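1. Structure for this input, please:
(one chain, ligands or ions: 2)
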Amino acid sequence: MIRVSNLHKEFGNTHVLKGIDIHIKKGEIVVIIGPSGSGKSTFLRCLNLLEQPSRGEIIFEGISITDKNNDINKQRQKMGMVFQQFNLFPHMTVLDNITLAPRKVKKVNKEEAEKVAFDLLRRIGLENKAYSYPNQLSGGQKQRIAIARALAMSPDVILFDEPTSALDPEMVGEVLDVMKELASEGMTMIIVTHEMGFAREVANRVVFMDEGKIIEQGHPKEIFNNPQHPRTKDFLRKVL
Ligand code: ADP
Ligand code: MG
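-> Ligands and ions are numbered 1, 2, ... in the order given. Predicted structure coming up:
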């Protein structure tokens, strides 16, 4: 589904991504771990072109999205993104947050978009919040809405950037539960997280990044029980 070759990203003199190569298959759950500042967010943001890669190629469903001659907007619509800070539109109701992109980008009519939104709200148990504003919701509720908003575009893959890091501990579980359900339904997911228990349980593959490179990757059992690289060992010693 996604093929990344020799991806580099520089901000001025800061070389943040130093040649990332990875293939991601349909239905795979890939968890990315690594120290703060290792380039995890930049990598996700390059994948959906929130950041322009400096070098390298990203092929998504057979189409090179780093080739400026291709229509990347269609491709981008198929990539959902969930952020640490939710990024809901504060002046809009939950329903409008969820229906905005389908209506504006996909030109779905209001009635149909709202029907889909209510189906999604029902799935995450927040149907009664349709007419609330983000500031009337808990962090866990906001993040579940952000996931519903991503799902409303029927993406083929969802990128999650530390989706539970801004939450109070008692709300982490409800967000991870929604993500587990998506995983069990076959959604392709790329998840940056420090939730090692979740990674162990749900990931098909764990990727350890440090200083802009993939240092080691493998099945969660291999990475957590038998890390090979000293930097992976060192990182896991600190977080487990
Ligand atoms: P992580 O998500 O692993 O913590 P990031 O991808 O956020 O790492 O950041 C990696 C490095 O890139 C950091 O040194 C950060 O300061 C730098 N960086 C990220 N975004 C920008 C930017 N827009 N401009 C300049 N430097 C940036
Ligand atoms: Mg980050």
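
2. hang on, Cys46 packs against Lys9?
-> Yes: A contact is recorded between Cys46 and Lys9 when judged using CB atoms under 8 Å, the distance being 5.7 Å. For the C-beta atoms, the positions are set from N, CA and C on the backbone; glycine is no exception.

3. Please identify which of those two sits among more neighbours.
-> Neighbours per residue (other CB atoms under 10 Å) separate Cys46 from Lys9, with Cys46 holding more: 25 against 22.

4. How about the secondary structure of the more buried one?
-> At Cys46, secondary structure determined by DSSP: H, G, I helix; E, B strand; the rest coil is helix.

5. likewise the one 10 residues further on?
-> Per three-state DSSP, the local secondary structure of Gly56 is strand.

6. what pairs with the closest residue in space to it that isn't next to it in sequence across the strands?
-> Beyond its immediate neighbours in the sequence, the residue positioned closest to Gly56 (CB to CB, 6 or more residues apart in numbering) is Leu7, lying 3.7 Å away. Beta bridges link Leu7 to Ile20 when assigned by DSSP bridges.

7. same thing with Asp161?
-> The bridge-partner assignment for Asp161, based on DSSP bridges, gives Val192.

8. pull the longest helix from this structure.
-> Of all the segments assigned as helix in the chain under DSSP state H, the longest by residue count is helix 169-184.

9. Just the buried positions in the helix or strand of the chain with the lowest mean pLDDT, please.
-> Taking mean pLDDT, DSSP states H and E as the measure, the helices and strands of the chain show their lowest mean at helix 72-77, namely a mean of 91. Buried residues in helix 72-77, counted by 16 or more other CB atoms under 10 Å: 72, 75-77.
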